[in-house]
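Visitor: Pasted the sequence and its predicted model underneath.
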Amino acid sequence: MPTVRFHFENKEFEVGAHANLMRVAKANQIPVYEGVHQWLNCLGSGLCSTCVIEVLDGMDNLTPRTRIEEMQLDGYSRTLRLACQTEIVKGSATIITRPKIESCPKG
Ligand code: FES
């Protein structure tokens, strides 16, 4: 059974295959958004980029970046994902919610 670890919260959860990381976080009261974005966001459609997470390990156990992630995260580290667009398929993954992100190198 796949396992999602939330690094700074020091919590891990066994989930079903293809569990959405946003839903896993919300179901377990792990905050994903900064500040007002907990109310002002795109509700998981991949348009606002306020649900960015960083994958510390287990990237190969997640679904590949979607086209919308490729557009929204273009120029940023490949370790960043949108929680609402990412599912865990197998194994385990360790993630950081609300990571500190350097400005985009593309400007
Ligand atoms: S909630 Fe808007 S991109 Fe994920």
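Guide: Cool, the structure landed. Given the structure is predicted, the values throughout are model-derived calculations rather than measurements.
Visitor: So what does the residue most central in space within the chain look like in phi/psi?
Guide: Centroid-nearest residue in the chain: Ala83, 2.8 Å away (criterion: CA atoms, centre = their mean). When read as degrees, to the nearest 10, the backbone of Ala83 gives phi -60, psi -40.
Visitor: can you pull the contacts of the closest residue to Lys90 other than its chain neighbours?
Guide: Among residues not flanking Lys90 along the chain, Asn61 sits closest, at 5.2 Å (CB to CB, 6 or more residues apart in numbering). No exception for glycine: its C-beta is placed from N, CA and C like everyone else's. Asn61 is in contact with Pro2, Ile88, Val89, Lys90, Gly91, Ser92, Ala93, counting by CB atoms under 8 Å, 6 or more residues apart in numbering.
Visitor: which one is the last one nearest to, not counting chain neighbours?
Guide: In space, Ala93 comes closest to Gly58 once its chain neighbours are excluded; the distance is 3.1 Å by CB to CB, 6+ apart.
Visitor: ok, how many other residues are close to the one you found?
Guide: 18 (other CB atoms under 10 Å).
Visitor: Leu62 now?
Guide: Leu62 is flanked by 20 other residues according to other CB under 10 Å.
Visitor: List the pairing partners of the helix or strand containing Val55 within its sheet, with orientation.
Guide: Using DSSP states H and E, Val55 sits within strand 52-57. Using DSSP bridges, strand 52-57 pairs in its sheet with strand 80-82 (antiparallel), strand 92-97 (antiparallel).
Visitor: re the thing from before, is the residue nearest to Ala93 in contact with Lys90, as I believe?
Guide: No - counting by CB atoms under 8 Å, Gly58 stays clear of Lys90, with 9.3 Å between them.
Visitor: Stretch 18-31 spans what distance, first to last residue?
Guide: 20 Å (CA to CA, to the nearest Å).
Visitor: Sorry, slip of the keys, the one I care about is stretch 52-69.
Guide: Stretch 52-69 has its terminal residues 10 Å apart, counting by CA to CA.
Visitor: Perfect, that will be all.
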